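Student: A predicted structure for the sequence below; I have some questions about it.
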Amino acid sequence: MSGPVTGGLAIETRGLSKHFGRQSAVDHVDLAVPHGTVFGFLGPNGSGKTTTIRMLLGLAAASSGTVSLLGQAMPDKLHDILPRVGALVEGPAFYPFLSGAANLHRLDAAGPHTVPSTRRARVDHALERVGLEHAAGKRVHAYSLGMKQRLGIANALLSPRDLLVLDEPTNGLDPQGTREVRNLVRSLANEGTTVFVSSHLLAEVDQMCTHAAVMSAGRLVAQGPLAELRQAGNARLRLVTPDGGAARQVLARLGLAPEPAQPGAAGQPRPEQLERGGPAPGLPGALRTQPDGETVVAALGTDAKQPALLPEDVVAHLVQAGVRVRGFAVERESLEERFVALTGEGFDVAQ
Ligand SMILES: Nc1ncnc2c1ncn2[C@@H]1O[C@H](COP(=O)(O)OP(=O)(O)OP(=O)(O)O)[C@@H](O)[C@H]1O
């Protein structure tokens, strides 16, 4: 095994693109996946995740752009790099009437770089790492979907790996199988393997990953540590007052941005987006009043063009103008709202 890799990028792409005829499936993607991260590759179905992964692994040729895995150029250095990279893409085919262990023996024997003398120990170790040691002798047709998926991951782990690439590893699994795979990904990451895992489920990436990149219609629309992606969301203030009209005037005078209209996750407007009576004449249209008639919502924004306004200053202005403030809160966009805003599409939030 190569020594532990620290610092730098495990995956880097520059301008990576793929066209199918006139259709652009992946469009100038610049991915930067730091070593040691669990990196979620998030996007709705059809956004280009699998196509990107296939190019990363040299399974498909890029139309343009470059890929570097573990610091080496792909596909030029494919034969040097691939032994250090485990992958689960579209799942390996298993023989149903052979046991899990026998299947792994066959798949390992088919690999061009594997050492027969260590095969038994490596198969046993891989099965142990995915928690299938007790089912090693059981025929695969008796495995649950979750067990089959873990066997696929065991196959990716037959040799020590610096990087694991998993394409939608929980697709089609029941909640128990999903939990098994998520726990496995986390424990692999704890052992120091960089894990790049695609998903169309925001909740999954939220629970499993340290970093994420978001794809939308072939383009990369955001990437970075999840904590930073959360912080990057817009802030909004929520004011409860019996003096809605006066409050709206003060907020408008302070130049607060209208709250952008966003669809909810299921494409439905959220309750606070249902305006009551429409905006007052001459005021920004989206200083919203909620159906209770007492709650006004306005975007504070994180935009540099937006004048920096501290929440306490907003309250001071309101009070000065005689607005009775019954409640005041600053809320940040949830990760879901942020991603919906970025992709313009509803994510499946949870499974
Ligand atoms: N071999 C192909 N020929 C033509 N079009 C393709 C091919 N492979 C993918 N596409 C198209 O490229 C786009 C991106 O597909 P891709 O499978 O990469 O998306 P995805 O994000 O992985 O979605 P899913 O989760 O549904 O697989 C889609 O519009 C798809 O129809």
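Tutor: Cool, got the structure.
Student: what distance separates stretch 120-134 from the centre of its chain?
Tutor: The chain centroid and the centroid of stretch 120-134 are separated by 29 Å, computed with Cα atoms, centre = their mean, to the nearest Å.
Student: and what of stretch 242-259?
Tutor: The chain centroid and the centroid of stretch 242-259 are separated by 36 Å under Cα atoms, centre = their mean.
Student: Check stretch 143-163 too.
Tutor: Counting by Cα atoms, centre = their mean, stretch 143-163 comes out at 21 Å from the chain centroid.
Student: Now do the end-to-end distance for that stretch.
Tutor: Start and end residues of stretch 143-163 are separated by 26 Å (Cα to Cα, to the nearest Å).
Student: just stretch 137-149 next, same as before
Tutor: Terminal-residue distance, stretch 137-149 (Cα to Cα): 16 Å.
Student: in it, what counts as buried?
Tutor: Within stretch 137-149, the residues that qualify as buried are R139, V140, Y143, L145, G146, M147, K148, Q149, counting by 16 or more other Cβ atoms under 10 Å. (Glycine included, C-beta is placed from N, CA and C.)
Student: Stretch 329-340 now?
Tutor: Of all the residues in stretch 329-340, those buried under the rule 16+ other Cβ under 10 Å are R332, E333, L335, E336, E337, R338, F339, V340.
Student: And those residues, which is closest to the ligand?
Tutor: Of all the buried residues of stretch 329-340, F339 has the smallest distance to the ligand: 14.2 Å, by Cβ to the nearest ligand atom.
Student: Would you pull up how far the helix or strand where the closest one lies lies from the middle of the chain?
Tutor: Per DSSP states H and E, F339 falls inside helix 335-343. Distance of helix 335-343 from its chain centroid, counting by Cα atoms, centre = their mean, is 11 Å.
Student: and it, is it in reach of the ligand?
Tutor: No - contact of helix 335-343 with the ligand (Cβ under 6 Å from any ligand atom) is absent, the minimum separation being 11.3 Å.
Student: any idea how far K77 lies from V67?
Tutor: For K77, the distance to V67 (Cβ to Cβ, to the nearest Å) stands at 10 Å.
Student: out of these two, which sits in the busier spot?
Tutor: V67 (22 against 15; other Cβ atoms under 10 Å).
Student: quick revisit: output the buried residues of stretch 329-340 in CSV, with pLDDT appended to each entry.
Tutor: As requested, the buried residues of stretch 329-340 are exported to CSV (pLDDT from 0 to 100):
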residue, pLDDT
R332, 77
E333, 75
L335, 78
E336, 79
E337, 78
R338, 78
F339, 81
V340, 80
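Student: residues from the stretch 51-200 of the chain in reach of the ligand?
Tutor: Within the stretch 51-200 of the chain, the positions near the ligand by Cβ under 6 Å from any ligand atom are T51, H200.
Student: And the closest residue to the ligand within the stretch 51-200 of the chain, how far from G43?
Tutor: Distances between the stretch 51-200 of the chain and the ligand by Cβ to the nearest ligand atom are smallest at T51, namely 3.3 Å. Taking Cβ to Cβ as the measure, T51 falls 11 Å from G43.
Student: between those two, which one's more packed in?
Tutor: G43 (26 against 22).
Student: Shouldn't N183 be within a helix?
Tutor: Yes - under DSSP: H, G, I helix; E, B strand; the rest coil, N183 sits within a helix.
Student: hmm, who's touching stretch 315-325?
Tutor: The contact list for stretch 315-325 (Cβ atoms under 8 Å, 6 or more residues apart in numbering) reads 239-243, 246-247, 249-251, 253-254, 328.
Student: tell me how far the ends of it are from each other?
Tutor: End-to-end for stretch 315-325, by Cα to Cα: 8 Å.
Student: what distance separates that stretch from the centre of its chain?
Tutor: Distance, centroid of stretch 315-325 to centroid of chain: 41 Å (Cα atoms, centre = their mean).
Student: What's the end-to-end length of stretch 216-227?
Tutor: Taking Cα to Cα, the first and last residues of stretch 216-227 lie 20 Å apart.
Student: roughly how far is that stretch from the heart of the chain?
Tutor: Offset of stretch 216-227 from its chain centre (Cα atoms, centre = their mean): 8 Å.
Student: List the contacts of that stretch.
Tutor: 24-32, 40, 43-44, 47-48, 205-206, 209-215, 229, 232, 335, 338-339, 342-345.
Student: List buried residues within the residues you listed.
Tutor: In the contacts of stretch 216-227, burial by neighbour count holds for 24-27, 29, 31-32, 40, 43-44, 47-48, 205-206, 209, 211-215, 229, 335, 338-339, 342-343, 345, counting by 16+ other Cβ under 10 Å.
Student: Out of those residues, which sit inside strands?
Tutor: Under the assignment DSSP state E, the buried ones among the contacts of stretch 216-227 contribute S24, A25, V26, D27, V29, A32, G40, H211, A212, A213, V214, M215 to strands.
Student: pretty sure the second one is touching G48, no?
Tutor: This means A25. Yes - in this structure, A25 is within contact of G48 by Cβ atoms under 8 Å, at 5.1 Å.
Student: that older thread, contacts with the ligand among the ones in strands among the buried ones among the contacts of stretch 216-227, please.
Tutor: A25.
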